[in-house]
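K.L.:
Fold the following for me, if possible:
(2 chains)
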Protein chains: 2
Amino acid sequence: MSDEEFMNLAIEEAKKGDFPFGAVIVRENKIIAKAYNTAKIDPTAHAEVNAIRNACRILNTKDLSGCTLYTTCEPCPMCFFAAWWANISRIVYGAEGKDVPEDDWKTNVKSSYLNENSGNRISIKGGVLRTECLHLLD
Amino acid sequence: MSDEEFMNLAIEEAKKGDFPFGAVIVRENKIIAKAYNTAKIDPTAHAEVNAIRNACRILNTKDLSGCTLYTTCEPCPMCFFAAWWANISRIVYGAEGKDVPEDDWKTNVKSSYLNENSGNRISIKGGVLRTECLHLLD
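P.N.:
Okay, the predicted model is just below:
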């Protein structure tokens, strides 16, 4: 399957969320876990964190090397570093963080955290089905 | 109770962890939640994240305004932004992130993420029982 096809699955997940964000984790073209945002009560339960937790439970490991995390929106720093700790190899996202209203972490953090870190360990690809992912935020 | 007394409770928590880190969340001098690291399988289950999740479940809210997060070590970016999303008002930590071996996120991130963010929303106090917290890492 293509990046766009996996992103479409993440979009379907997003539609179920407390907030409209979804994520899918894939290894060797096989879906390991899908998740949506359940942050209504638990502020750490972003779609990406939920997907990472699910994938680790399913594979009985905390090492997601070789996995790609598809997410409908550029991950916030919490989610980016959750992926970092899980050894995620690649992140593919749809909408840009700056497309999301009221996320004030961006103004201080975004310019440094992704740029300075992504090149080291995690390959990043943004803008996949960005328009469709943006529609989720309407 | 003093910051040192609450930190001592966090140190006791750390001794139970998969890795030696503990956290306590306090509001109006009352303990809301205690937690330790359970990241052996779940890489997102740092002590701070576990404490935040527990506190939110106990209080049935995702808003921890007015709460202080005591943690035996300076929080990593994942934990810092978990606290951020939870509206934690204050973070008190023991050991410095640079005291922890093999945490390569520090080299890129630390200089920017705490300094640039803490002043905005979260009050930060480091070095409380630093020596005792350092001993946990031996």
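K.L.:
CA only for contacts and neighbour counts going forward, please
P.N.:
OK.
K.L.:
so which strand or helix has the most centrally placed residue in chain A?
P.N.:
In chain A, the centroid-proximal residue (CA atoms, centre = their mean) is residue A:71; its distance is 3.3 Å. Secondary structure from DSSP states H and E places residue A:71 in strand A:67-73.
K.L.:
now that strand: mean pLDDT?
P.N.:
In this model, strand A:67-73 carries a mean pLDDT of 97.
K.L.:
hmm, that strand in reach of chain B?
P.N.:
No. Figure legend: strand A:67-73 not in contact with chain B (CA under 8 Å from any CA of the partner chain); closest approach 14.4 Å.
K.L.:
Counting by contacts, list what that strand packs against.
P.N.:
Contacts defined by 3 or more CA pairs under 8 Å, 6 or more residues apart in numbering or on different chains; DSSP states H and E place strand A:67-73 against helix A:3-14, strand A:22-27, helix A:47-59, strand A:90-95, helix A:130-135.
K.L.:
Highest mean neighbour count out of the ones you listed?
P.N.:
strand A:22-27 (a mean of 26; mean count of other CA atoms under 10 Å in any protein chain shown).
K.L.:
Quick check: next helix or strand after that strand?
P.N.:
Counting by DSSP H and E, what follows strand A:22-27 is strand A:30-36.
K.L.:
what comes up buried for that following strand?
P.N.:
A:32, A:33, A:34, A:35, A:36 (16 or more other CA atoms under 10 Å in any protein chain shown).
K.L.:
Could you give the separation of that strand from the chain centroid?
P.N.:
11 Å (CA atoms, centre = their mean, to the nearest Å).
K.L.:
SS state for the closest residue to chain B within chain A?
P.N.:
Closest residue of chain A to chain B, CA to the nearest CA: residue A:78 (4.0 Å). Following DSSP: H, G, I helix; E, B strand; the rest coil, we place residue A:78 in the helix state.
K.L.:
burial of it, as a residue count?
P.N.:
Using other CA atoms under 10 Å in any protein chain shown, residue A:78 is surrounded by 24 other residues.
K.L.:
what sits against the closest residue to it other than its chain neighbours?
P.N.:
Nearest residue to residue A:78 in three dimensions, chain neighbours excluded: residue B:78, at 4.0 Å (CA to CA, 6 or more residues apart in numbering or on different chains). By CA atoms under 8 Å, 6 or more residues apart in numbering or on different chains, the contact set of residue B:78 is A:77, A:78, A:79, A:80, A:81, A:82.
K.L.:
and the residues you listed as CSV, adding distance to residue A:59 and pLDDT?
P.N.:
Formatted as CSV, these follow (distance: CA to CA, whole Å; pLDDT from 0 to 100):
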residue, distance to residue A:59, pLDDT
A:77, 24, 83
A:78, 22, 89
A:79, 19, 93
A:80, 20, 88
A:81, 20, 88
A:82, 17, 94
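K.L.:
C-terminal to the worst-scoring helix or strand of chain A on mean pLDDT, what's the next element?
P.N.:
Lowest mean confidence among the helices and strands of chain A (mean pLDDT, DSSP states H and E): helix A:105-121, at a mean of 52. Scanning forward in sequence from helix A:105-121 by DSSP H and E, the next helix or strand is strand A:123-125.
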